[in-house]
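**Student:** got a sequence here, can you build the structure:
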Amino acid sequence: MIASVLFQLELPRSKRDAMRSLGFGVVNKLWLAFARAFWENDGVGVSTYNIHWSSQSSSFRDDGHWTRGVYSFSVCGPITLVAWVGGDESSRLEEESDEDVASNCRKVLCRFTGRDSGSGRRHC
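**Tutor:** Model (predicted):
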């Protein structure tokens, strides 16, 4: 077994059982296409915008809203971003309409980039 070759230390059974029970949980990947890019792109490869939510980040959403699970946006093409949503919020996302998901993704992007996804203008 590869794991036994790479990791020689014998862990207590409780630790090994805990490691076996770990899972990834629910993660949703949302492909978002726009008329034009409004984000910065270094042109070198895939750029990622990581989201850090703080207790003060609740100005446009209620606590427990699925947008709280958005943890990054990846640039995956000239006009395409991929939003990554995880945790319990990711399951709540699956109950929303496509229109509500798109609208809320635009709000998150606006909040964290300071640009309106439709016009590209600052201060949305």
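**Student:** show me where this protein has its strands.
**Tutor:** 27-33, 48-50, 70-77, 80-86 (DSSP state E).
**Student:** which one of the ones you listed has the lowest average pLDDT?
**Tutor:** Mean pLDDT values for the strands of the chain show the minimum at strand 48-50, a mean of 84.
**Student:** could I get the buried residue list for the longest helix along the chain?
**Tutor:** Using DSSP state H, we find that the single longest helix of the chain is helix 98-113. Under the neighbour-count criterion of 16 or more other CB atoms under 10 Å, helix 98-113 has 101, 104-113 buried. Any C-beta I mention is one placed from the backbone N, CA and C, and that applies to glycine too.
**Student:** show me what Val82 is bridged to.
**Tutor:** Trp31, Ser74 (DSSP bridges).
**Student:** mind checking how far it is from Leu11?
**Tutor:** 36 Å (CB to CB, to the nearest Å).
**Student:** neighbour count for the two, which is higher?
**Tutor:** The neighbour count for Val82 versus Leu11, taken as other CB atoms under 10 Å, is higher for Val82 (16 against 11).
**Student:** I figured that one was touching Cys76, is that so?
**Tutor:** Yes. Look at Val82 against Cys76 with CB atoms under 8 Å: they come within range, at 5.0 Å.
**Student:** common neighbours of those two, please.
**Tutor:** Trp31 (CB atoms under 8 Å, 6 or more residues apart in numbering).
**Student:** got the buried residues for stretch 21-37?
**Tutor:** Those would be 26, 28, 30, 32, 34, for stretch 21-37 by 16+ other CB under 10 Å.
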